[in-house]
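A.B. asks: kindly return the folded structure for what I paste below:
(2 chains)
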Amino acid sequence: MTKADIVEDIAQRTGLTKKEVSETVDLFLSQISDLLVEGKHLEIRGFGTFKVKERKERMARNPRTGDAVPVPSRRVPIFKVSKMLKDKVALS
Amino acid sequence: MTKAELVEMIAGVTGVSKKDTAVIVNMILENISRALESSDKVELRGFGSFKVKSRRSRTARNPRSGDSVMVPAKLVPYFKASNELKARLNGEPTG
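C.D. replies: Numbering: from 1, shown residues only, chains lettered A, B, ... in the order given. Okay, the predicted model is just below:
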C-alpha cells in the first residue's frame, strides 16, 4: 500500500477532492517529521507513539580492516506500536 | 502533542475544515492499521514504512516461578523510518 492508495480510498469514501486529501496526508506526515526534528513526541491513542531516542556514541569496527571506529551519538526516530494495534495484528 | 493539536495545525495550513481534517487523519490511521492486520505493508515515501514481521514460537521462562512457558508464533507490526527522516533528525543533508 502506498500514499496514493490511501488518498484514493479516503477521497472515495468522503467525497473530498483528491487534492484536499493528498495535501492533508502530506502535511500529516511532514508535521510528524517536524515534531520529531524538534525532539517532540506524538501519541496517537489506539495506534502508537512517535518519538525520538538518543543513541550514545559507541566504538564499532570496520569489518574489513578490523580498525576501531567511533560512531558518534545520534538521534533515531522510534514508533512504539500501541498494545491495541499489536494485539489486532497478532490475532489476524 | 496530541492528535487534536495536529489536526488543528494541518487544517490551519490547508484550509480544509477541522472536521474534515480529523476524518482524513482517522482514515489514514485506519488504512495503515487495516493493512497491517492483513500483513500488508505501507510505504510512505520520505517518511518510512509500516510492516509486519513474523516471530517464531519459542520457549521462555516465567521469571517468578522459573517454569518453561511456550510462547506461540505471532505477527508483530513495526515502523522503519526512511533514511531521509533519519538524516533530518541529525541535521544531515537529505538529498
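
A.B. asks: now the longest helix along chain A: buried residues?
C.D. replies: Ordering each helix of chain A by length in residues (DSSP state H) puts helix A:18-37 first. Buried residues in helix A:18-37, counting neighbours by 16 or more other Cβ atoms under 10 Å in any protein chain shown, are found at A:20-29, A:31-33, A:35-37. In this view, the C-beta of every residue, glycine as well, is placed from N, C-alpha and C.

A.B. asks: could you list the domains of chain B?
C.D. replies: Chain B breaks down into these domains under automatic domain parsing: B:1-40, B:41-95.

A.B. asks: among those, which comes closest to chain A?
C.D. replies: domain B:41-95 (3.4 Å; Cβ to the nearest Cβ).

A.B. asks: what pLDDT, on average, does the closest one get?
C.D. replies: For domain B:41-95, the mean per-residue pLDDT is 92.

A.B. asks: go on, stretch A:30-41?
C.D. replies: Across stretch A:30-41, the average pLDDT comes to 95.

A.B. asks: and that stretch, anywhere near chain B?
C.D. replies: Yes. Remark: stretch A:30-41 sits within contact range of chain B at A:31-33, A:35-37, A:40-41, by Cβ under 8 Å from any Cβ of the partner chain.

A.B. asks: what's the answer for stretch A:63-80, then?
C.D. replies: Yes. Stretch A:63-80 lies within reach of chain B by Cβ under 8 Å from any Cβ, at A:74-79.

A.B. asks: alpha carbons of that stretch, as PDB, please.
C.D. replies: Output of stretch A:63-80 as PDB, limited to C-alpha atoms (Å, rounded to 0.1, in the frame of the first residue of the first chain):
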ATOM      1  CA  PRO A  63      34.700  -5.200   9.400                       C
ATOM      2  CA  ARG A  64      37.200  -5.200   6.500                       C
ATOM      3  CA  THR A  65      40.200  -3.800   8.400                       C
ATOM      4  CA  GLY A  66      39.300  -4.600  12.000                       C
ATOM      5  CA  ASP A  67      40.100  -0.900  13.000                       C
ATOM      6  CA  ALA A  68      38.100   0.500  15.800                       C
ATOM      7  CA  VAL A  69      36.000   3.500  14.600                       C
ATOM      8  CA  PRO A  70      33.900   5.800  16.800                       C
ATOM      9  CA  VAL A  71      30.200   6.000  15.800                       C
ATOM     10  CA  PRO A  72      29.100   9.500  17.000                       C
ATOM     11  CA  SER A  73      25.900   9.800  19.100                       C
ATOM     12  CA  ARG A  74      22.800  10.300  17.000                       C
ATOM     13  CA  ARG A  75      19.000  10.700  17.200                       C
ATOM     14  CA  VAL A  76      16.800   8.000  15.900                       C
ATOM     15  CA  PRO A  77      13.000   8.100  15.200                       C
ATOM     16  CA  ILE A  78      11.100   5.400  17.000                       C
ATOM     17  CA  PHE A  79       7.500   4.300  16.600                       C
ATOM     18  CA  LYS A  80       6.100   2.400  19.600                       C
END
